[in-house]
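Asks: what would the 3D arrangement of this be:
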Amino acid sequence: MMGPLYAKRWLLGWRNIFCLVLQLELQLKGISAQIRYSIQEELHIGTSVGNLAKDLGLDIGTISERNLRIVSGTKQELFEVKQRDGALLINHRIDREELCGQTVPCLITLKAVTENPLEMHQVLIYVIDVNDNSPTFLETNYTLEILESVTVGARFQVEGAHDPDVGLNSLQLFKLNNNIYFRLEIEDFGEDGKVPFLILKRPLDREQIAQHCLILTAIDGGKQPKSGTLNITVIVSDVNDNSPVCGKQKYTVTMKENAAPGTFLISINAADSDSGVNGEIECSLRTKFRGLTFQPFDLNSRTGELTVKGGLDYEQKQVYEMKVMATDKGAVSLSTHCNVVVKVEDEDDNPPEIDITSMSSQIPENAPPGSVVALRGERTGGLCCAHALTL
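Replies: Alright, predicted model coming up:
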């Protein structure tokens, strides 16, 4: 059983606690109350959000006396209260993308404070997105290099677009310009967004079309859709799928036997429709006859020019038949060949040779006129003839 003094102190303690709680309750009256507003982003400065005094149930005549104000806790005062009528006005440009990024919903939390007595109310302002951003690509031009040997159905990822808006105002679809080589597929990677892929529809041939120009368009879902474009250049890389081709299958030329070394005979024209080393050609000379050890001609492997090396002799050989090989420099080289015929033209470069052959060592004195006594042979340049010597 407590004494009188102890009981008195106990009662005073509880009374003080009760008074403190009551005071805090009175001071924080309305703290749980919430005022909610919704506004679109990018409204003009001075636009009214709502009448804060009216929504708080304040007497308009006491607004100044109670010092109604907004506390935002941010550096920029986005809103202000008009002391004349308690209207809540926009005081600064409001950009939903700057405030909230991709967060939905975008919410601004304020404190409405009044004095005499002190009251604090929470004000929630929802910022609604408007379609004020177009989808954009990191670059306006994109280059994609593809081997011409790639198979149909191959997939090639393209850089996607970004739209800072949210909901339907964000990026919704991609479109590819009409073409016969590529179609478009879109894959949704969740937070990473939509990613476009080019799918090859038909075989590529660099020799027919070395470069394809495509236009990829990104479109959002706003009521008045906005879009951005990406110019895609597809460069078809060469593979060694074409053999060299000679200008003629057979070249024929005539040259005098006394032609000086270095004399130009003919130029072998060969071309390859591939590019780079796959289209670079080297020419080489091959004889058609294995037994021919000396070749009186030179061939420039780069230019294809055939010249005389020396040693042409009509009396020894009148016609030379050769094969020229044209080979490209691809990793797996391809080649072709053409035929060259060089006809040697005779020159008067040899004196006549005369041989006399007697038919007998003795001639009878009674030999009749016309009797053959000897044969005379003449050789001039490779031509020969025989004459009979008679009485």
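Asks: please enumerate residues in contact with stretch 242-251?
Replies: 207, 266, 268-274, 278-279, 281, 324, 326-328, 334-341 (Cβ atoms under 8 Å, 6 or more residues apart in numbering). Every C-beta, even on glycine, is put in place using the N, C-alpha and C of the backbone.
Asks: recalculate using a threshold of 6 Å.
Replies: For stretch 242-251, contacts defined as Cβ atoms under 6 Å, 6 or more residues apart in numbering pick out 266, 269-274, 281, 326, 328, 334, 336, 338-340.
Asks: looking at strand pairing, list the partners for the closest residue to Leu299 other than its chain neighbours.
Replies: Once flanking residues are discounted, Leu299 sits nearest to Leu285: 4.3 Å by Cβ to Cβ, 6 or more residues apart in numbering. Beta-bridge partners for Leu285, by DSSP bridges, are Val324.
Asks: Ala154: how many residues sit nearby?
Replies: Using other Cβ atoms under 10 Å, Ala154 has 13 neighbouring residues.
Asks: do the same with the one 3 residues further on
Replies: One way to gauge burial is a neighbour count; for Gln157, by other Cβ under 10 Å, it gives 11.
Asks: that one and Ile199 touch, don't they?
Replies: No: using Cβ atoms under 6 Å, Gln157 is not in contact with Ile199, being 10.8 Å away.
Asks: pull the number of nearby residues for the closest residue to Gly304 other than its chain neighbours.
Replies: Residue nearest to Gly304 in three dimensions, not counting chain neighbours: Ile268, with 3.8 Å by Cβ to Cβ, 6+ apart. Neighbour count of Ile268, defined by other Cβ under 10 Å: 22.
Asks: for Asn169, same thing?
Replies: Here the count is done by other Cβ under 10 Å, and Asn169 has 21 residues near it.
Asks: contacts only, for it.
Replies: Contacts of Asn169 by Cβ under 6 Å, 6+ apart are Asp129, Asn131, Asp220, Gly222.
Asks: hang on, the residue nearest to Leu299 packs against Asp298?
Replies: No: counting by Cβ under 6 Å, Leu285 stays clear of Asp298, with 8.1 Å between them.
Asks: out of the contacts of stretch 242-251, who's nearest Gly73?
Replies: When the contacts of stretch 242-251 are ranked by distance to Gly73 (Cβ to Cβ), Asp274 comes first, at 69.1 Å.
Asks: which residues does the closest one contact?
Replies: By Cβ under 6 Å, 6+ apart, the contact set of Asp274 is Asp238, Asn240, Asn242.
Asks: how about low-confidence regions in the stretch 251-391 of the chain?
Replies: For the stretch 251-391 of the chain, the stretches flagged by pLDDT under 70 are 287-294, 348-363, 365-367, 370-391.
Asks: switch the cut-off to 90
Replies: 257-259, 276, 285-295, 310-317, 321-323, 330-335, 337, 346-391 (pLDDT under 90).
Asks: hey, where'd the strands end up in it?
Replies: Ranges of strands within the stretch 251-391 of the chain are 264-267, 270-271, 281-287, 297-299, 305-308, 319-328, 335-345, 353-358, 372-380, 383-390, based on DSSP state E, counting those that start in this stretch.
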